[in-house]
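> sequence and predicted structure are below.
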Amino acid sequence: MKANKHIQRDETANKIFDNRSLTNDYKNLISILKPRMKVLDVGCGTGSISKDIAKIVGENGKVVGIDNTENFITSGKESYKNATNLELIHVDLFDFNPEEKFDLIVSARTLQWLSNPKEALVKMKSLLKPNGQISILDYDHTNLDWNPSPPESMQEFYNVFLKWRQDAGMNNRIAEDLPNLLEEAGFHSIEKINSDEFYSKEREGYKSKIGIWSKVAGSSQMVEEGYLDNDLRLKAIEEYDHWVETKAVSMTMKLNEVRGRV
């Protein structure tokens, strides 16, 4: 699943993926999971959500998770080695050609990184059984809502982040465009389900969740590519961390789950 640019990924990214769960991070999907299903998870990361899906489809079902970042798959194979109906594979979607097709294909927070999401959806469609279903969960980064507003340094960093993504061909509002993309890819019975992530002080792990943008700013990639001054990057991290500790009330990340059938 090739984008024009890739964010540098390290152990911090592994930890972010490992902390995700089906219940907290893809909760609406639960309503369509059934025992015996064969499910493909595209862009599965370390497989933390995949392994939760595997529990629901049961021993007579199967979950295959694929990701094109090898260290994620290596980590997940070790973490979830006891899940006998879960298979994690290091492969790019466009190079994945299994013998069997799937009842359901899911992909969470992955298409946002691609410059060719429609082609990815067409490929996924080819991997579904007749009347199979797809579920795509992704963000509208243009409508991130902080309460109150964070420091100007972080707002400036975030605007540069959006431009960097846009210049790479990534869609910053893909959550809103997914219904049209699914239709163009040949899916029908399309439905959009609001799945916004709302983080407030009452939620467990609140500081870690709202602090995600310090972790994003922790990468020097945009500095190396000439988009950002390093002093601003470091200032954004320092001031944002202080804001999280002293002023932050909540953050809402706009997210939609969009489903379709073949």
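Structure received. Numbering: from 1, shown residues only.
> pLDDT below threshold where in this protein?
Residues of the chain meeting the criterion pLDDT under 70: 1-18.
> all strands of it, in order?
For the chain, the strands defined by DSSP state E cover 38-42, 62-67, 86-90, 102-108, 128-139, 145-147, 188-194, 197-200, 250-253, 255-261.
> turn these into TSV, including mean neighbour count and distance to Asn230.
Heads up, the C-betas are built off the backbone N, CA and C, glycines and all. Listed next are the strands of the chain as TSV, based on neighbours: other CB atoms under 10 Å; distance: least, CB to CB, whole Å:
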stretch	mean neighbour count	distance to Asn230
strand 38-42	25	34
strand 62-67	25	30
strand 86-90	19	33
strand 102-108	24	32
strand 128-139	20	26
strand 145-147	15	23
strand 188-194	12	38
strand 197-200	15	28
strand 250-253	18	25
strand 255-261	22	31
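> how about the ones you listed in a markdown table, adding distance to Arg173?
Listed next are the strands of the chain as a markdown table, based on distance: least, CB to CB, whole Å:
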| stretch | distance to Arg173 |
| --- | --- |
| strand 38-42 | 20 |
| strand 62-67 | 24 |
| strand 86-90 | 30 |
| strand 102-108 | 17 |
| strand 128-139 | 8 |
| strand 145-147 | 14 |
| strand 188-194 | 13 |
| strand 197-200 | 16 |
| strand 250-253 | 13 |
| strand 255-261 | 10 |
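> can you check which of those gets nearest to Ser75?
With respect to Ser75, and counting by CB to CB, the nearest of the strands of the chain is strand 86-90 at 9.3 Å.
> which residues sit against the closest one?
Contacts with strand 86-90, where a contact means CB atoms under 8 Å, 6 or more residues apart in numbering, come from 44, 47, 50-51, 54, 62-70, 73-74, 76-77, 80, 96.
> again with stretch 140-148
112, 158, 162, 165, 172-176, 247-256.
> give the closest residue to Ile30 in space, chain neighbours not counted.
Leu22 (6.5 Å; CB to CB, 6 or more residues apart in numbering).
> from memory that neighbour sits against Gly47, does it?
No. The criterion here is CB atoms under 8 Å, and Leu22 misses it with Gly47 at 11.4 Å.
> who has more neighbours, these two?
Set Leu22 next to Gly47 and count neighbours by other CB atoms under 10 Å: Gly47 wins out with 29 against 21.
> so what's the more buried one up against?
Asp41, Gly65, Phe72, Ile73, Gly76, Lys77, Ser79, Tyr80, Leu86, Leu88.
> relative to the whole chain's centre, how far out is stretch 29-36?
Relative to the centre of its chain, stretch 29-36 is centred 20 Å away, using CA atoms, centre = their mean, to the nearest Å.
> buried ones in that stretch?
Leu29, Leu33 (16 or more other CB atoms under 10 Å).
> so what's the residue nearest in space to the middle of the chain closest to, chain neighbours aside?
Residue closest to the mean C-alpha point of the chain, counted by CA atoms, centre = their mean, is Arg109 at 1.8 Å. Closest residue to Arg109 apart from its sequence neighbours, by CB to CB, 6+ apart: Asp138 at 5.9 Å.
> right, and Ser107 touches Val39 too?
No. Between Ser107 and Val39 there is no contact under CB under 8 Å: 11.1 Å.
> where do the helices sit along the stretch 151-262 of the chain?
152-167, 174-184, 206-210, 212-217, 221-224, 230-246 (DSSP state H, counting those that start in this stretch).
> got a list of what Asp103 touches?
Residues in contact with Asp103 (CB under 8 Å, 6+ apart) are Met37, Lys38, Val39, Leu128, Lys129, Gly132, Gln133.
> one more: Phe157?
Contacts for Phe157 (CB under 8 Å, 6+ apart) come out as Trp213, Ala217, Leu228, Leu232, Arg233, Ala236.
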